[in-house]
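Colleague: got a structure for you, letters missing:
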């Protein structure tokens, strides 16, 4: 019984840890997406090749964080719908960025440039809303997991004490029966 109780305590601890890590990865993912938007604007303004390289580097980091979150949210039905929506928004963001950094993009066409900047801003706004929803949901899930962990952690000494008393009672009863 004690082993089972401690095993549950370890599982709750792992769930709290995973939830915290997922929230952190979501924050990092959002920061990387904002960096891509900033670098894209820098590329449009300065046409600097370093900005293009930084965009590609950030895209790799986003993909790594996205894969981690995908494995986490697979087992989390509360976040699955939001995560699919986030994936679609990230793909749209990639399309906008790839369109701007491609050699075919016409920087002299102000209407196309303005449209691209507006699309990027709108996508970032949608990503921000989706991320906030996901972070709020994850925060609520974390609170529930943390409460369950705290309850198990606080009840463990009492639980062990009761088991020790029952064991002593059984030993005393067995000794009495032997006499």
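Modeller: All right, it came through fine. The structure displayed is predicted, hence computed values, not measured ones.

Colleague: spatially central, which residue of the protein would that be?
Modeller: residue 22 (2.8 Å; CA atoms, centre = their mean).

Colleague: element containing that one?
Modeller: Taking DSSP states H and E as the definition, residue 22 sits inside helix 2-46.

Colleague: and the pLDDT at the residue nearest to the centre of the chain?
Modeller: Residue 22 carries a pLDDT value of 87.

Colleague: surely it and residue 70 touch.
Modeller: No - if you go by CB atoms under 8 Å, residue 22 and residue 70 don't touch, sitting 10.7 Å apart. Every residue, glycine included, has its C-beta placed from N, CA and C.

Colleague: could you pull out the helices for the chain?
Modeller: Assigned by DSSP state H, the chain shows helices spanning 2-46, 49-73, 77-101, 110-178.

Colleague: by contact count, what packs against the first one?
Modeller: It refers to helix 2-46. Helices and strands touching helix 2-46, as assessed by 3 or more CB pairs under 8 Å, 6 or more residues apart in numbering; DSSP states H and E, comprise helix 49-73, helix 77-101, helix 110-178.

Colleague: including mean pLDDT, mean neighbour count and distance to residue 6, could those go into CSV?
Modeller: Below are the helices and strands packed on helix 2-46 laid out as CSV (pLDDT from 0 to 100; neighbours: other CB atoms under 10 Å; distance: least, CB to CB, whole Å):
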stretch, mean pLDDT, mean neighbour count, distance to residue 6
helix 49-73, 89, 16, 25
helix 77-101, 88, 16, 28
helix 110-178, 90, 13, 7
